[in-house]
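S.K.: Make a model of this:
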Amino acid sequence: MNIAVVEDSRSQAEVLKALLKSEGYQVEIFAQGRDCMEAVKTRSFDFFIIDWTLPDVGGDEVLKHIREHCGWEVPVMFCTARTEEESAADILRLGADDYIPKPIRYMEFMARVQSLLRRRHNARSNALRFGNIDVDLEGRRIRLGGVDVDLTQREFDLAVIFLRNVGRVLPRDELLANVWVREPDVDSRTVDTHASRLRKKLGLGGESGLMLSSVYGQGYRLDTVQPA
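M.R.: Residues are numbered from 1 along each chain as shown. You can find the predicted model right below:
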């Protein structure tokens, strides 16, 4: 579990890091919003904790970037001194999952983090949804715009990996190891073939609000885009 803490106060960031690490989480601190925004292009995070007021960009801009590159499944919590009702409503309306007022009460902070992670786990265990793509993990079926899409077993498994890692570059070797784990003779051309089929079947050329791209020399990345 890798958690990003975006906080320009070093002392505050170190306290949050110590609390989270005491629960077994990996923590990376960013003193500026743009540093975090750059990091999500190449690294995967399971949770974001963001100070609303940052020295370089607004917390709303960081949040927007995270949603565009990481999807809506990843929990985002804001820490803010703005505790009036209107500001709190704005934070949640913009797409945050929760917020905690400053000065932070640390027992409450950890309880809120754990609550969001439980909700995320329960949601992931049953279904995924991105734009007009709905995934029923138990039933192993995917719907596009409410219509079932005919997928092979491998196509389904590959689609789930892409959807769970929006914004992250997935190397072909990693995809082979996860989807074709018991087929050692399969090569990277199989990944390319299946990715091409998924692009057509699920509208991953931008039509569904998601774009599946080949990253030269590395693998594939699924990004959120404005529907075509």
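
S.K.: switch to C-alpha atoms for all contacts and neighbour counts from now on
M.R.: OK.

S.K.: and the gap between Met37 and Arg172?
M.R.: Distance, Met37 to Arg172, by Cα to Cα, to the nearest Å: 25 Å.

S.K.: ah, wrong one, I meant Leu210
M.R.: The span separating Leu210 from Arg172 equals 19 Å under the rule Cα to Cα.

S.K.: Looking at the two, which one has more neighbours?
M.R.: The residue with more neighbours, out of Leu210 and Arg172 and counting by other Cα atoms under 10 Å, is Leu210; that gives 27 against 19.

S.K.: Next one, pLDDT for that one please.
M.R.: At Leu210, the pLDDT value in this model is 89.

S.K.: residue contacts, it?
M.R.: Contacts here follow Cα atoms under 8 Å, 6 or more residues apart in numbering; on that basis Leu210 touches Gly131, Gly203, Leu204, Leu222, Asp223, Thr224, Val225, Gln226, Pro227.

S.K.: what does His69 give?
M.R.: Taking Cα under 8 Å, 6+ apart, we find His69 in contact with Val40, Lys41, Val166, Gly167, Arg168, Asp223, Thr224.

S.K.: for Phe48, same thing?
M.R.: Ile3, Ala4, Val5, Val6, Val74, Pro75, Val76, Met77.

S.K.: State the number of residues packed around the spatially closest residue to Ser9 that is not a sequence neighbour.
M.R.: When the adjacent residues along the chain are set aside, Ser9 lies closest to Ala31, with 7.3 Å between them (Cα to Cα, 6 or more residues apart in numbering). Here the number of neighbours of Ala31 (other Cα under 10 Å) works out to 18.

S.K.: Just the buried ones out of the contacts of Leu210, please.
M.R.: Neighbour-count burial (16 or more other Cα atoms under 10 Å) applied to those gives Gly203, Leu204, Leu222, Asp223, Thr224, Val225.

S.K.: now, which of the residues you listed lie within strands?
M.R.: When the buried ones among the contacts of Leu210 are checked against strands (DSSP state E), the matches are Leu222, Asp223, Thr224.

S.K.: I'd assumed Leu212 was in contact with the last one.
M.R.: No: applying Cα atoms under 8 Å as the test, Thr224 and Leu212 come out as separate, 9.0 Å apart.

S.K.: Pull up the gap between the residue positioned nearest the centre of the chain and Leu63, please.
M.R.: Geometric centre of the chain, nearest residue: Cys70, 3.3 Å, by Cα atoms, centre = their mean. Here Cys70 is placed at a distance of 10 Å from Leu63 (Cα to Cα).

S.K.: Pro55 now?
M.R.: Pro55 is 15 Å from Leu63, by Cα to Cα.

S.K.: Show me which of those two is the more surrounded one.
M.R.: Comparing Pro55 with Leu63 by neighbour count (other Cα under 10 Å), the higher total belongs to Leu63, at 22 against 12.

S.K.: With just CA atoms, put the host helix or strand of the more buried one into PDB.
M.R.: Using DSSP states H and E, Leu63 sits in helix 59-70. Output of helix 59-70 as PDB, limited to C-alpha atoms (Å, rounded to 0.1, in the frame of the first residue of the first chain):
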ATOM      1  CA  GLY A  59      -5.200  21.500  -4.100                       C
ATOM      2  CA  ASP A  60      -8.100  21.500  -6.600                       C
ATOM      3  CA  GLU A  61      -5.600  21.400  -9.500                       C
ATOM      4  CA  VAL A  62      -3.800  18.500  -7.900                       C
ATOM      5  CA  LEU A  63      -7.100  16.600  -7.400                       C
ATOM      6  CA  LYS A  64      -8.100  17.100 -11.000                       C
ATOM      7  CA  HIS A  65      -4.800  15.800 -12.200                       C
ATOM      8  CA  ILE A  66      -5.100  12.700 -10.000                       C
ATOM      9  CA  ARG A  67      -8.600  11.900 -11.200                       C
ATOM     10  CA  GLU A  68      -7.500  12.300 -14.800                       C
ATOM     11  CA  HIS A  69      -4.400  10.000 -14.400                       C
ATOM     12  CA  CYS A  70      -5.400   7.600 -11.600                       C
END
